[in-house]
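>>> This is a predicted model, with the sequence first.
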Amino acid sequence: MRKILPFLFLLGVSWFLGACNPKDEPTDNNVSAADGVVNQHGYVDIGLPSGTLWAICNLGASKPSDKGHYYAWGETTTKSDYTWDTYKWVSEPNEYSLTKYCHDEQSGAVDNLWQLETMDDAARAAWGVDWRIPTDDEWSELSQECMFAIIQHQGVLGCLITGPNGKTIFLPAAGLKEGKAVQNDNVLGFYWTANTAIDYSYQAFYSHFDQEDYWGTSYQIDRCMGGSVRPVLDASK
């Protein structure tokens, strides 16, 4: 069954844009260093069956403990206000006038697009053509194949994910942005997938965790909200 997180109201924050460089300061809490670099951004092979390679830090971050930027789903740039009024893919300031990624007539113009096209992928836009936002299935693979621990890494709460080969990535808890405000910074981790929700076109799937546990994927929330992005590479990269 698909799960929906209750609507959140949040306080605003902005973060410095930097390259995710594996030569940054040493990590602690057993957070793995990069196995390699693509377009100046480090990745780790945590031994997944799919071979998917995960970035060592968030989009807009300079190291694993940096929280990076917030993005609305399907938008490739940051902004100060995350509402339907400012959302790119609506013709009116509401969730029932979608102009792209719509599969039900009540939500707007139906195009039956369920997954981000490359031109609307924030990871690709910022880091180059090899990088992209993970799909819902790729987040599900983490849930099925990895171990999870909520830890403090360099003073930042987040989720340490340990892959089948023992290597790790760290997801900082950056909260979720609505309007100009962010709530649950250093409490909640909220990460976009590349897929719209099945039930409602105006929502998209995400993966999240809190101070107590990793909750996995296939949650859904309004696409206009500002969430974190953790880029990935295909195995062939």
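Perfect, I can see it now.

>>> what's the least confident helix or strand in the protein, going by average pLDDT?
When each helix and strand of the chain is scored by mean pLDDT, DSSP states H and E, strand 3-4 comes last, with a mean of 36.

>>> low-scoring stretches of this structure, by residue?
1-29, 237 (pLDDT under 70).

>>> packing partners for the top helix by length along it?
In the chain, assigned by DSSP state H, the helix with the most residues is helix 136-145. Packing partners of helix 136-145 (3 or more Cβ pairs under 8 Å, 6 or more residues apart in numbering; DSSP states H and E): strand 189-196, strand 203-209. C-beta: built from backbone N, CA, C; applies to glycine.

>>> and the angle from the shortest one to strand 189-196?
Meaning strand 203-209. Per axes from the mean of the first three to the mean of the last three Cα atoms, to 10 degrees, the angle that strand 203-209 makes with strand 189-196 is 150 degrees.

>>> What is strand 203-209 packed up against?
Partner elements for strand 203-209 (3+ Cβ pairs under 8 Å, 6+ apart): helix 136-145, strand 189-196, strand 219-222.

>>> Dump the C-alpha coordinates for that strand into PDB.
The C-alpha coordinates for strand 203-209 follow below in PDB (Å, rounded to 0.1, in the frame of the first residue of the first chain):
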ATOM      1  CA  GLN A 203       2.100  14.400  -6.000                       C
ATOM      2  CA  ALA A 204       5.400  12.500  -6.300                       C
ATOM      3  CA  PHE A 205       7.100   9.700  -4.500                       C
ATOM      4  CA  TYR A 206       9.900  10.300  -2.000                       C
ATOM      5  CA  SER A 207      12.000   8.400   0.500                       C
ATOM      6  CA  HIS A 208      12.300   9.600   4.100                       C
ATOM      7  CA  PHE A 209      13.500   8.900   7.600                       C
END
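
>>> How about residues contacting that strand?
The contact list for strand 203-209, computed with Cβ atoms under 8 Å, 6 or more residues apart in numbering, reads 4-5, 73-74, 136, 139, 142-143, 148, 150, 159, 171, 173, 188-193, 195-197, 215-223, 227.

>>> so where do the strands sit in this structure?
3-4, 36-38, 41-44, 53-55, 147-153, 156-162, 168-172, 176-178, 181-183, 189-196, 203-209, 219-222, 232-233 (DSSP state E).

>>> Given the fifth one, what are its sheet partners and their directions?
Read that as strand 147-153. Strand 147-153 has its sheet partners listed here by DSSP bridges as strand 156-162 (antiparallel).

>>> what is the orientation angle of the partner strand with helix 136-145?
80 degrees.

>>> Tell me the gap between strand 156-162 and the middle of its chain.
14 Å (Cα atoms, centre = their mean, to the nearest Å).

>>> outside of it, which residues touch it?
Everything outside strand 156-162 that qualifies as a contact, by Cβ under 8 Å, 6+ apart, is 29-31, 46, 65, 67, 142, 146-153, 168-173, 186-187, 189, 209, 211, 214.
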